[in-house]
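Trainee: Have a look; sequence and predicted model below, questions after that.
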Amino acid sequence: MSSPIEAGAAPEAGAPHSNGSSLREVVLITGISGSGKSVALHALEDAGYFCVDNLPPELIESFVALEHSRSTARLAIAADVRSARSLPHLLPAMNKLREAGVTVRSVFLDASTDTLVRRFSETRRRHPLSDQHSLGDAHRALIEAIELERELLSDLRQSASVVDTSELRTAQLRSWIKNLVQAPAAKLTLVFESFAFKHGVPLDADYMFDVRVLPNPYYVRELRPQTGRDADVIDYLENQPEVPEMVAQIEAFIRRWLPAFEQDQRNYLTVAIGCTGGQHRSVYCVEQLAQRFRARGATLVRHRELDAREAAA
C-alpha cells in the first residue's frame, strides 16, 4: 500500500525534498460547532500553517500528498460534523500519517451546552445538524443537535487534546492554540490549568483537584490584588503547612499514573486545579506542579482566569 504522502514521484514522509523541505507536521482541528474552530484555524494560519477548513476525510491523504509535493512543511486541517457521513474515515487517515512519520497533533474544541446555545443565538447561525430535529421548539432542537454532535464526535474527543472554550476570549483561545502546537513533540504533553470554580469547571480536564480548602491569600489585604505567581503570595502559601502537602500529594498521584497514560498512547493529559477566584491558590499550585514535571518533557501551563484578564487588557 502506498504511503499517505506519496503522490507520483513525491518522496516518502520525512525524506528531504530537492529544496530541503518536507512535510513535518499536520494539526487536526475538530470539535463541537460553535466552539471556536475558525478562530483556531486563523491562529494557525498566522503561525505559518497552510490551513484548509471542512476537508472531507476521504480527501485527506491525497491533499497531504499534494501539499508534500509542493514542499509545504506544516498543515492544519479542520474537520467536523459537517462531514458527518465521512467521520469514520478521519482517525484511520490520521493514523496512516503517523505511520508515515508525520507528526500529527489533534486538538478538539469544546464548550458547555449553555455557552453553545448562547453563541448560536447571538450569531443566528443554524447548527449543522438542526435539520435532523423537529422545528416545533427551536431551543430544544438546538440542544438535541448539540447532544447528537457530542455523540458523533466522542471518539475524536478521546484521541485529542481538548480545549474548553466556554470561558475563553478570542485572543486567549488563539494564544492557547499556538502554545499547544508549539510544544515539543513528545509521547505525552502534560497540561496544568488553573481555574475559578465560580466561573464553572473546565470541560477539558482529565483530572480535577479542588484546592479551596487551603488558606486563601485573598483575605490578606496586601495580597488580594496579587496572584499565585507573585513572591509575596508564594511566601504566604509556602508558610501554610497544608499547601506544600497538597501539592506533594497531587504530584505523587500524577507520577503514579503518568506511565499508564503514556502506555495508553495519550498525546495530552490535562490536570485542572481550581480555587474560588482562580487567582491565588490554584495559580500557585499549577506553577509548582509544572516546575516539578518540566524535567520529564513537554509541559504546558494555562491560567484560565489570569489569561482572560490579560487578553482583555
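Mentor: Looks like it came in fine. Treat the numbers as computed from the prediction; the structure is a model and nothing was measured.

Trainee: all contacts plus neighbour counts: C-alpha atoms, from now on.
Mentor: Fine.

Trainee: Helices of the stretch 151-300 of the chain, start to end?
Mentor: Secondary structure of the stretch 151-300 of the chain by DSSP state H, counting those that start in this stretch: the helices cover 154-158, 170-182, 231-238, 242-263, 281-293.

Trainee: Give me the mean pLDDT for the last one.
Mentor: So that's helix 281-293. In this model, helix 281-293 has a mean pLDDT of 97.

Trainee: tilt between it and helix 231-238?
Mentor: On the basis of axes from the mean of the first three to the mean of the last three Cα atoms, to 10 degrees, helix 281-293 is oriented at 80 degrees to helix 231-238.

Trainee: Report all helices and strands that helix 281-293 contacts.
Mentor: strand 189-196, helix 242-263, strand 268-275, strand 299-303 (3 or more Cα pairs under 8 Å, 6 or more residues apart in numbering; DSSP states H and E).

Trainee: closest one to E147 among those?
Mentor: Evaluated over these, closeness to E147 peaks at strand 268-275, with 23.3 Å, by Cα to Cα.

Trainee: Contacts for that closest one, please.
Mentor: 160-161, 188-197, 201-202, 204-212, 261, 281-283, 285-286 (Cα atoms under 8 Å, 6 or more residues apart in numbering).

Trainee: Show the low-confidence segments of the stretch 51-200 of the chain, by residue range.
Mentor: Counting by pLDDT under 70, the ranges of the stretch 51-200 of the chain that qualify are 131-137, 183-186.

Trainee: List the buried residues in the strand or helix carrying I77.
Mentor: Applying DSSP states H and E as the criterion places I77 in strand 74-78. For strand 74-78, burial by neighbour count (16 or more other Cα atoms under 10 Å) applies to 74-78.

Trainee: That strand: partners in the sheet, and parallel or antiparallel?
Mentor: strand 25-31 (parallel), strand 50-53 (parallel) (DSSP bridges).

Trainee: To R140, which of those lies closest?
Mentor: strand 25-31 (20.8 Å).

Trainee: Could you list the residues in contact with that closest one?
Mentor: With Cα under 8 Å, 6+ apart, strand 25-31 has contacts from 37, 40-41, 73-80, 102-110, 153, 156-157, 181.

Trainee: what residues are up against I177?
Mentor: 40, 43-44.

Trainee: Need the winner for burial among the helices of the stretch 151-300 of the chain.
Mentor: helix 281-293 (a mean of 22; mean count of other Cα atoms under 10 Å).

Trainee: Could you chop this protein up by domain?
Mentor: Domain segmentation of the chain under automatic domain parsing yields 1-182, 188-313.

Trainee: before we move on, back to that, minimum distance to R309: which of the helices of the stretch 151-300 of the chain has it?
Mentor: Closest among the helices of the stretch 151-300 of the chain, using Cα to Cα: helix 170-182, at 9.2 Å.

Trainee: and the angle from that closest one to strand 189-196?
Mentor: Going by the same axes, to 10 degrees, helix 170-182 makes 160 degrees with strand 189-196.

Trainee: and helix 170-182, how far from the chain's centre?
Mentor: On the basis of Cα atoms, centre = their mean, to the nearest Å, helix 170-182 sits 9 Å off its chain's mean C-alpha point.

Trainee: That one to strand 268-275, inter-axis angle?
Mentor: Using the same axes, to 10 degrees, helix 170-182 lies at 140 degrees relative to strand 268-275.
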